[in-house]
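A.B. asks: How does the following fold in three dimensions:
(one chain, ligands or ions: 1)
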Amino acid sequence: MLTQSIHDLRINQLGSTSAPACLGLAERAFGKDSPQFQAVRDFTKEKRAGYVATIRRFVVGFIVYDNRGRDTAQILSLAVHKSDRRQGIGGLLLDRLIRLPRREIVVRVDERNLDAQLFLRVQGFRAVEIEHGTPEFYLFKRSKVGVASTATEVNTEIHTVGARQ
Ligand SMILES: CC(C)(COP(=O)(O)OP(=O)(O)OC[C@H]1O[C@@H](n2cnc3c(N)ncnc32)[C@H](O)[C@@H]1OP(=O)(O)O)[C@@H](O)C(=O)NCCC(=O)NCCS
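C.D. replies: Got it, this is the predicted structure:
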C-alpha cells in the first residue's frame, strides 16, 4: 500500500480517534498479553504520549512512550504495519521522540527480536544492559550527546528472528 503513497504519510499525536487502530496493530505485532499492547491500551491513563503514522487515514504505525521522566523518555511500544516496513516510517516516528528536549531515550527489547535490534542500532541506540531471564531482554539507550558512547556496550549476539492482516 505504502509504496505508491509515501507522500501521503502523516505523523500526528496519538489520540482517541486513532487509538483503536493502533491497538489492533499492537495486538498483531506483540500479542494481547504483551506489555507493548497494554501500553497502547492504557496510554491515556498513565501520563503516556505517542505519535501515530497514517496514510490516507489508515494507521500504518505508532509509537507510545512514557512522558514522566524529565531527562529520559522510555519507548513502551513501537510498531509499523508488516506490509509497510522498511520504508522509513519507524525512523520517522522515532524522530519525533528524538526531537523532544530529553537527554536520552531507552527501550527494552526481547533478545529474539532481531528486526528491532537492527533498527535501533541504525538509529543510534546501543545495548547497555542485559536483563537475565527466559527470554533475556536488552536495554537499548540513545543519548543525545555522544550516542551512549561512554556507556559500556553489551555484546548482543543476534541469533533469532522473533510479527496488516
Ligand atoms: C522495528 C520496526 C518498528 C521498524 O520499523 P520500519 O518502519 O520497518 O523501520 P525503518 O524503515 O525506519 O528502518 C530504518 C532502518 O533500520 C534498519 N532496519 C529496520 N528493520 C530492519 C530489519 N528487519 N532488518 C535489518 N535492518 C532493519 C534498516 O537499516 C532500515 O533502513 P533501510 O530499510 O534503508 O535498510 C518494525 O520492524 C516493527 O514494527 N517491528 C515489529 C514491532 C517491534 O518489534 N517493535 C519494537 C521496536 S523497538
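A.B. asks: list the contacts for the residue in the chain that the ligand sits nearest to?
C.D. replies: The chain approaches the ligand most closely through residue 90 (2.4 Å), counting by C-beta to the nearest ligand atom. Backbone N, C-alpha and C define where each C-beta goes, glycine included. By C-beta atoms under 8 Å, 6 or more residues apart in numbering, the contact set of residue 90 is 61, 78, 80, 119.
A.B. asks: can you list those in TSV and add pLDDT, neighbour count and distance to the ligand?
C.D. replies: Below are the contacts of residue 90 laid out as TSV (pLDDT from 0 to 100; neighbours: other C-beta atoms under 10 Å; distance: C-beta to the nearest ligand atom, whole Å):
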residue	pLDDT	neighbour count	distance to the ligand
61	98	26	6
78	98	24	4
80	98	25	4
119	98	20	4
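A.B. asks: near the ligand, which residues of this protein show up?
C.D. replies: Contact residues (C-beta under 6 Å from any ligand atom) of the chain with the ligand: 29, 78-80, 85-91, 107, 109, 113, 115-116, 118-120, 122, 163.
A.B. asks: which among these end up buried?
C.D. replies: Among the residues of the chain next to the ligand, those classed as buried by 16 or more other C-beta atoms under 10 Å are 29, 78-80, 85, 87, 89-90, 107, 109, 113, 115-116, 119-120.
A.B. asks: Just the C-alpha atoms of the helix or strand harbouring residue 26, please, in CSV.
C.D. replies: Assessed by DSSP states H and E, residue 26 sits inside helix 19-30. Output in CSV follows, covering the C-alpha atoms of helix 19-30 (Å, rounded to 0.1, in the frame of the first residue of the first chain):
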residue,chain,number,x,y,z
ALA,A,19,-6.0,4.6,19.4
PRO,A,20,-8.3,1.6,18.4
ALA,A,21,-6.4,1.1,15.1
CYS,A,22,-3.1,1.3,17.0
LEU,A,23,-4.3,-1.3,19.4
GLY,A,24,-5.1,-3.6,16.6
LEU,A,25,-1.7,-3.1,15.2
ALA,A,26,-0.1,-3.7,18.6
GLU,A,27,-2.1,-6.9,19.0
ARG,A,28,-0.8,-8.2,15.7
ALA,A,29,2.8,-7.2,16.4
PHE,A,30,3.1,-8.2,20.0
